[in-house]
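Chemist: build the 3D model from these lines:
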Amino acid sequence: MILKGNVFSGQTVTSSLSSADIDLHAGTALVVDDSGLLVGTGSHSTISLDSSQDVTLGGSVAAKAGKVLDNVDIDAGRNVTLSGSVEAGTITIDAGTSISKDGGITTYRGLVRVDEGA
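Modeler: Down below sits the predicted model:
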């Protein structure tokens, strides 16, 4: 799943989703491009991004002016890459899960990367 704006006459046009609560779930990769914008419009909004593999957040996650974005939850089965901005009362990032088989314990270390300027 990709949330990405288009380019018209050389100008990038932002693509946005606005709602009191936003839940985005992808079976493989979830990408919010640099031109993507997720906006919580409720008095106490929550935004959830979930993928069984990777989550890439390059755009912006914030509340509408005068509103409150209580929670942003980012959950990836493998890696989370952040190069955008997230503004919320509580931000929870969960990257990687155990890949144990038949009751064994195996540690998988996911990647959480915050790019410079984010």
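
Chemist: wait, doesn't Ile93 sit right on Thr81?
Modeler: No: taking C-beta atoms under 8 Å as the contact criterion, Ile93 and Thr81 are not neighbours in contact, 10.8 Å apart. In this view, the C-beta of every residue, glycine as well, is placed from N, C-alpha and C.

Chemist: residues near Phe8, how many?
Modeler: For Phe8, the tally of surrounding residues (other C-beta atoms under 10 Å) stands at 8.

Chemist: could you do the one 4 residues further on as well?
Modeler: As a burial measure, the neighbour count of Thr12 was computed by other C-beta under 10 Å and equals 13.

Chemist: contact partners of the helix or strand hosting it?
Modeler: Per DSSP states H and E, Thr12 falls inside strand 11-13. Outside of strand 11-13, the residues within contact range by C-beta atoms under 8 Å, 6 or more residues apart in numbering are 5-7, 35.

Chemist: could you list the low-pLDDT ranges of the chain?
Modeler: When residues are selected by pLDDT under 70, those of the chain lie in 97-118.

Chemist: out of the contacts of strand 11-13, list just those in strands.
Modeler: In this view, the contacts of strand 11-13 that belong to strands under DSSP state E are 6-7.

Chemist: now the contacts of strand 11-13: which count as buried?
Modeler: In terms of neighbour count (16 or more other C-beta atoms under 10 Å), the buried residues within the contacts of strand 11-13 are 5, 35.

Chemist: now the contacts of strand 11-13 in a markdown table, with distance to Val61?
Modeler: Output for the contacts of strand 11-13, formatted as a markdown table (distance: C-beta to C-beta, whole Å):
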| residue | distance to Val61 |
| --- | --- |
| Gly5 | 15 |
| Asn6 | 20 |
| Val7 | 22 |
| Ser35 | 14 |
